[in-house]
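Enquirer: the following block contains a protein sequence and its predicted model.
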There are 2 protein chains.
Amino acid sequence: MTGLREMKKQRTRDALIRAAHELFVSQGYDATTVDQIAAAVQVSQRTFFRYFSNKEEVALAPQQLMLAHFLDVFRGRPSDEAPLESLRGALDEAWADLESTIEAILPIELHMRMWELTQNTPALLGAALLQSQANQDLLTEELARRCGLDPEGDPRPRVLVAAFVGVTDAAVRAWAHLGHESSAAARRITMSHLDQLQPALCGSWDCQDGRPEDVSTRSPC
Amino acid sequence: MTGLREMKKQRTRDALIRAAHELFVSQGYDATTVDQIAAAVQVSQRTFFRYFSNKEEVALAPQQLMLAHFLDVFRGRPSDEAPLESLRGALDEAWADLESTIEAILPIELHMRMWELTQNTPALLGAALLQSQANQDLLTEELARRCGLDPEGDPRPRVLVAAFVGVTDAAVRAWAHLGHESSAAARRITMSHLDQLQPALCGSWDCQDGRPEDVSTRSPC
DNA sequence: TGTCAATTGGCAGACACTGACATTATTGTC
DNA sequence: GACAATAATGTCAGTGTCTGCCAATTGACA
């Protein structure tokens, strides 16, 4: 399957992603037209839409790669691990593989700038949330399978994954809000937010050490 | 400010929402054009876009109303209440006011059908998630204010709200996935999901009674 | 009644996206 | 190496969303 045809397709796809990202980051997402992206790769507009079903897809392609990788890593986690620990661990592993996963297509620097832009561009953020939600469904299914629960009937895997994804998404938004921060900062912020999940829900907010307390004895704020 | 001009504007806006919803529900969202909606109210397309900045906005107008009402109710909650309890309680109150909030513009029946359609229409779901996230930011700010915390620096309000919103969104998706259920069912499913939040994160999945246990002693799945 | 300001309609145009068909390039085969 | 089968691409026309611009209409208020 390494014929000339496949290689050319792969090269065109990569070139489109690359050109699109450079244009998006330098001019903004809305200000960049599909015609510009196609022209930069010397390809017709019609061909662009054969590779990507819409303008958002080319912008979120690297994110899609990350999500797929994260899901793979999660599947490889030991099944005797606590669910939340598996999710957190898988995310940490995926972050560690960030460079090798992304650098094959784009410079990390460009990817992070694009990610920040995504969080500040409504059209893109909406699409990203949609993508994140599709991933959420897959995660829920996998978690339920792992624990031998019914993903449709039992709400608990769905609830846990929803909380997990909600918090990681919020962490990324908080990161982007700071502006021009590194990927290391993104990782650190995401992980520290996750570490607040159990204490915030199960413990008092007076203690910051992450040790959960009995809910019935907690103070209000 | 109850001049004839204001009344006419209000009536046009309501008529547009009503006509749009009926068309969306009967033909589908994508299959309905803005021209059709405008024609149904005997108004030009240009006028439609003066009332709603895009096609999604008219579809999500009732949702926007609900979110605003929920935020209002949350602000009215006693400040000595535990944060998660305030969120849960405010949501329950907002659900109770559903009819009086919505019926002024639309039949509840139509609203619920539209809501279900929203969850199954990617373009709409993306916009809805965006809307939900904007609301999430406001909630976080309000919660931080209430507890005297810094909404930028302290991640805990953000984390708690993210988990809360993530779970309610997931609950709605689970509801819509069942198909043609009542609003009472939506309320019940949402609340039961919220009740799983603390146990799912802090307790073992072997007990379903909602009583959190010490994390260190829980069993894996 | 007449002026002022807000609302609306109509029009042209940019841009995202799609279907149909002709053209070109690659592959496997003789 | 020529040749048919197949896949990728280009071109073109068209639909639908959304915007800027200007003229016409309508309500507010003296």
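Expert: All right, it came through fine.
Enquirer: show me what contacts the closest residue to A:Tyr29 other than its chain neighbours?
Expert: By the measure of C-beta to C-beta, 6 or more residues apart in numbering or on different chains, the closest residue to A:Tyr29 outside its immediate chain neighbours is A:Thr121, 4.7 Å from it. Every C-beta, even on glycine, is put in place using the N, C-alpha and C of the backbone. The contact partners of A:Thr121, by C-beta atoms under 8 Å, 6 or more residues apart in numbering or on different chains, come to A:Gly28, A:Tyr29, A:Asp30.
Enquirer: for chain A, name the helix or strand with the lowest mean pLDDT.
Expert: When each helix and strand of chain A is scored by mean pLDDT, DSSP states H and E, helix A:197-202 comes last, with a mean of 84.
Enquirer: tell me how far that helix is from the chain's mean position?
Expert: Averaging C-alpha coordinates over helix A:197-202 and over its chain gives two centres that are 23 Å apart (C-alpha atoms, centre = their mean, to the nearest Å).
Enquirer: in that helix, which residues are buried?
Expert: Of the residues in helix A:197-202, those buried by neighbour count under the rule 16 or more other C-beta atoms under 10 Å in any protein chain shown are A:Leu197, A:Gln198, A:Pro199, A:Ala200, A:Leu201, A:Cys202.
Enquirer: which stretches in chain A count as helices?
Expert: Counting by DSSP state H, chain A has these helices, from start to end: A:4-27, A:34-40, A:45-51, A:55-75, A:83-96, A:98-102, A:108-119, A:122-147, A:155-178, A:183-195, A:197-202.
Enquirer: what's the closest of those helices to chain B?
Expert: Minimum separation from chain B across the helices of chain A (C-beta to the nearest C-beta) falls at helix A:155-178, 2.4 Å.
Enquirer: near chain B at all, the closest one?
Expert: Yes. With C-beta under 8 Å from any C-beta of the partner chain as the criterion, chain B is reached by helix A:155-178 at A:155-156, A:158-167, A:169-171, A:173-174, A:177.
Enquirer: residue ranges with poor pLDDT in chain A?
Expert: For chain A, the stretches flagged by pLDDT under 70 are A:1, A:203-221.
Enquirer: could you list the domains of it?
Expert: Each domain of chain A is listed here as a residue range: A:1-53, A:55-217, per automatic domain parsing.
Enquirer: flag every residue of chain A that's near DNA strand D.
Expert: By the rule C-beta under 7 Å from any atom of the strand, the part of chain A lying against DNA strand D is A:Arg5, A:Lys8, A:Lys9, A:Thr12, A:Gln42, A:Val43, A:Ser44, A:Gln45, A:Arg46, A:Thr47, A:Arg50, A:Tyr51.
Enquirer: from these, which is closest to B:Glu57?
Expert: Distances from B:Glu57 to these, taken as C-beta to C-beta, are shortest for A:Gln45 (28.2 Å).
Enquirer: what's around the nearest residue to that closest one once chain neighbours are set aside, how many residues?
Expert: The shortest distance from A:Gln45 to any non-neighbouring residue, by C-beta to C-beta, 6+ apart, is to A:Ala38 (4.8 Å). By the criterion of other C-beta atoms under 10 Å in any protein chain shown, A:Ala38 has 20 neighbours.
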